[in-house]
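Student: sequence and predicted structure below; questions after.
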Amino acid sequence: MYNIKAAAKILDMPKVTIRSWETRYDAITPARTESGHRLYSDQNLEDLKWLKIQVQEKGMKISQAVQQLHLSRKKFHSKPDETEERIDQPYDKQIQELYAAAAEMDTERFNYLLDLNFSLFHYRTVFFSIIVPLMVRIGEEWENGTISVAHEHLISHIIQQRFNQFFRVFPTSDNLPKAIALCPSGEHHQLGLLLFTLFLRENGFSVAYIGPDTPLEGLDELVLRQNFKIVCMSISTEDLLPAVDQYVKKLAKVNSDIRFLIGGQGVPEDKIDGKIAHLGPSYEIWQDWLLKQPL
């Protein structure tokens, strides 16, 4: 977290401009100390940096730039509506460049562009605001027949490698419960699971990432042997909720203290029922859940 003086220095922006964009245009919402002083997160700085680029380099009005930023956040946090017109993403240029490289199966350029984006933006911004909409678009184009399944598999593999690199960066704490992350049998979409695993890893959790289409058979023995205390599952459709219930019932018999985290677009609503939490695809929701845990 940064005070306004540090934020202004990092962004090379006057403090009065930061305050104006915050209060007049509702661009960001910084935290506050007990004495009322502003504290800016990495995400706040990334948002301000993006807004600065739109205003100074692209000639956009700050009110329009803020509107685009908020529309992007709203679209990611809500379930997709096929009838909704596509809106410009705050990082549309980066997404377009990556998509073009993916469509050409130019893996060298694709990796170069990923490296460039990770050097320019906070890693969380790249994963949530660039990679997520990119993979949504690739999935849509695959369904439309514009790109082949080979394209989708190749890019998905590269993206998973990037997640794996970051998984290894964060130190883990022996004082935190061990977690296992998987998608139930029949679920092949793993982007949401990768994002939540990243969230746990950056908060010090040791996470065994199993991945998509994980069969239930033998999973209870693995959980018991490795003493996992948190089971994370992700589903992209509500049709898989009955399967999730089967996993929960069987694994809960291993240890009644195990907590279950169910996420993804298949979760109809955010709710916590005892040791079972249904969490939507929002970083803020995940943080709220973490703060309430008796770790």
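Tutor: Happy to help now that I have it.
Student: what about Tyr2, how many residues nearby?
Tutor: Neighbours of Tyr2 under the rule other C-beta atoms under 10 Å: 18. Yep, even glycine has a C-beta here, placed from its N, CA and C like the rest.
Student: report the contact partners of it.
Tutor: By C-beta atoms under 8 Å, 6 or more residues apart in numbering, the residues touching Tyr2 are Ile10, Leu39, Tyr40, Ser41, Leu45.
Student: what does the helix or strand containing Pro133 contact?
Tutor: Assigned by DSSP states H and E, Pro133 belongs to helix 132-144. Contact partners of helix 132-144, identified using C-beta under 8 Å, 6+ apart, comprise 76, 80, 89, 91, 95, 98-99, 102-103, 147-149, 151-152, 155-156, 159, 191, 195.
Student: buried ones in it?
Tutor: Neighbour-count burial for helix 132-144, with 16 or more other C-beta atoms under 10 Å as criterion, is recorded at Val132, Pro133, Leu134, Met135, Arg137, Ile138, Gly139, Glu141, Trp142.
Student: stretch 212-221 now?
Tutor: Residues of stretch 212-221 classed as buried: Pro212, Thr214, Leu219, Asp220 (neighbour count, 16+ other C-beta under 10 Å).
Student: can I assume the second one is in contact with Ile180?
Tutor: Just to be clear, that refers to Thr214. No. Using C-beta atoms under 8 Å, Thr214 makes no contact with Ile180, being 9.2 Å away.
Student: need the buried residues of helix 132-144 in a markdown table (columns: distance to Ala27 and pLDDT).
Tutor: Conversion of these to a markdown table gives the following (distance: C-beta to C-beta, whole Å; pLDDT from 0 to 100):
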| residue | distance to Ala27 | pLDDT |
| --- | --- | --- |
| Val132 | 21 | 91 |
| Pro133 | 20 | 91 |
| Leu134 | 24 | 93 |
| Met135 | 27 | 91 |
| Arg137 | 26 | 89 |
| Ile138 | 30 | 89 |
| Gly139 | 30 | 85 |
| Glu141 | 32 | 86 |
| Trp142 | 35 | 83 |
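Student: and of those residues, the nearest to Ala243?
Tutor: Using C-beta to C-beta, Gly139 comes nearest to Ala243 of the buried residues of helix 132-144, at 21.1 Å.
Student: now the strands for the stretch 51-200 of the chain?
Tutor: 179-184 (DSSP state E, counting those that start in this stretch).
Student: can you give me the angle the longest helix along the chain makes with helix 132-144?
Tutor: Longest helix of the chain, by residue count under DSSP state H: helix 149-167. Helix 149-167 runs at 160 degrees relative to helix 132-144, counting by axes from the mean of the first three to the mean of the last three C-alpha atoms, to 10 degrees.
Student: how far off centre is helix 149-167?
Tutor: Relative to its chain's centre, helix 149-167 lies at 15 Å (C-alpha atoms, centre = their mean, to the nearest Å).
Student: CA-only coordinates of it in PDB, if you can.
Tutor: Output of helix 149-167 as PDB, limited to C-alpha atoms (Å, rounded to 0.1, in the frame of the first residue of the first chain):
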ATOM      1  CA  VAL A 149      -9.300 -26.500 -31.300                       C
ATOM      2  CA  ALA A 150      -5.500 -26.700 -31.900                       C
ATOM      3  CA  HIS A 151      -5.200 -22.900 -31.500                       C
ATOM      4  CA  GLU A 152      -7.200 -23.000 -28.300                       C
ATOM      5  CA  HIS A 153      -5.200 -25.800 -26.800                       C
ATOM      6  CA  LEU A 154      -1.900 -24.200 -27.700                       C
ATOM      7  CA  ILE A 155      -2.700 -20.900 -26.200                       C
ATOM      8  CA  SER A 156      -4.300 -22.400 -23.100                       C
ATOM      9  CA  HIS A 157      -1.100 -24.400 -22.600                       C
ATOM     10  CA  ILE A 158       1.100 -21.300 -22.800                       C
ATOM     11  CA  ILE A 159      -1.200 -19.400 -20.400                       C
ATOM     12  CA  GLN A 160      -1.100 -22.300 -17.900                       C
ATOM     13  CA  GLN A 161       2.700 -22.200 -18.100                       C
ATOM     14  CA  ARG A 162       2.600 -18.500 -17.100                       C
ATOM     15  CA  PHE A 163       0.400 -19.300 -14.100                       C
ATOM     16  CA  ASN A 164       2.800 -22.100 -13.100                       C
ATOM     17  CA  GLN A 165       5.700 -19.700 -13.200                       C
ATOM     18  CA  PHE A 166       4.000 -17.400 -10.800                       C
ATOM     19  CA  PHE A 167       2.800 -20.200  -8.500                       C
END
